[in-house]
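Q: Would you be able to build a 3D model of this:
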Amino acid sequence: LKLLRLLRVPRVFLTRSDAAFASAWWLSTRSSFRLIVRFASIMLVAAHINACVYWYIASRAGLCGMSWVASQTVRSQPLCEADLVTQYITSLYWSVMTMSTTGYGRINATTEAEQTYCMFAMLFGSLMYFYFVLQVCNMVANNNIAQVWRRRYLDNVLEMLNKWRVKPDLTKRVREYYSA
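A: Down below sits the predicted model:
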């Protein structure tokens, strides 16, 4: 039982901020998952709004008139004659392609209002993509820092066990405990 007290000794080497960071490490995976889910939700809502606005601009110009809807076909049928769900899915497809900076493919703006809106949608999509890349880089950097701190903590524990000449099997168990 007295040997189990050895596991508490490394706490002496931790400052208050180190201890807070070490305990926060356990939450990092959950917070990373929450960050990805939150960002995906924001992107889906933004893509929906973007698609609805793009379709609305086309409907103001007349769906079968001079709009992007008139220039599209779905299953050899003009998109302007298709049902509303098909038009929405096509508009959502355009929105996701624009926001993910993948590109338009075959859906192009035809009126000046559509072209103007597309410029702002491309800028917004680029900013969202940039923000997502920054968040992922930040998440990776924080996880690497947590691993470095955990490795440093394990090194301190092993050094102390070595200094006190603890039996090798207990040292192995401690290493396995902190490595898991």
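Q: now the helices for the protein?
A: Secondary structure of the chain by DSSP state H: the helices cover 16-60, 84-99, 112-163, 168-179.
Q: pLDDT value on P78, please?
A: P78 is assigned 82 on the pLDDT scale.
Q: Look up which residues are beta-bridged to it.
A: T73 (DSSP bridges).
Q: returning to that earlier point: any chance of TSV for the helices of the chain, columns mean pLDDT?
A: Formatted as TSV, the helices of the chain follow (pLDDT from 0 to 100):
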stretch	mean pLDDT
helix 16-60	73
helix 84-99	88
helix 112-163	81
helix 168-179	86
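Q: Figure out which of those helices is closest to A70.
A: Distance to A70, taken as Cβ to Cβ, is lowest for helix 16-60 among the helices of the chain, at 8.2 Å. Placement of C-beta: from N, CA and C, glycine included.
Q: Run the chain-centre distance for stretch 55-63.
A: For stretch 55-63, the distance from its own C-alpha centre to the chain's C-alpha centre is 33 Å (Cα atoms, centre = their mean, to the nearest Å).
Q: I should have written stretch 150-164 there, sorry.
A: 35 Å.
Q: For it, buried residues please.
A: By 16 or more other Cβ atoms under 10 Å, the buried positions in stretch 150-164 come out as R150, Y153, L154, V157, L158, M160, L161.
Q: do the same with stretch 80-90
A: Neighbour counts over stretch 80-90 (16+ other Cβ under 10 Å) mark C80, A82, Q87, T90 as buried.
Q: Using CSV, list the CA coordinates for that stretch.
A: C-alpha atoms of stretch 80-90 as CSV (Å, rounded to 0.1, in the frame of the first residue of the first chain):
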residue,chain,number,x,y,z
CYS,A,80,-37.4,24.8,-64.2
GLU,A,81,-40.1,22.2,-64.9
ALA,A,82,-38.9,19.8,-62.2
ASP,A,83,-40.5,19.6,-58.8
LEU,A,84,-39.4,21.9,-56.0
VAL,A,85,-37.4,19.2,-54.2
THR,A,86,-35.2,18.6,-57.3
GLN,A,87,-34.6,22.3,-57.6
TYR,A,88,-33.7,22.6,-54.0
ILE,A,89,-31.3,19.7,-54.2
THR,A,90,-29.6,21.2,-57.2
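Q: Now tell me what touches that stretch from outside.
A: Defining contact as Cβ atoms under 8 Å, 6 or more residues apart in numbering, one finds that stretch 80-90 is touched by A51, C52, W55, L63, C64, S67, V69, A70, Q72, V74, L79, I107.
Q: again, only this time at 6 Å
A: Defining contact as Cβ atoms under 6 Å, 6 or more residues apart in numbering, one finds that stretch 80-90 is touched by L63, C64, V69, A70, V74.
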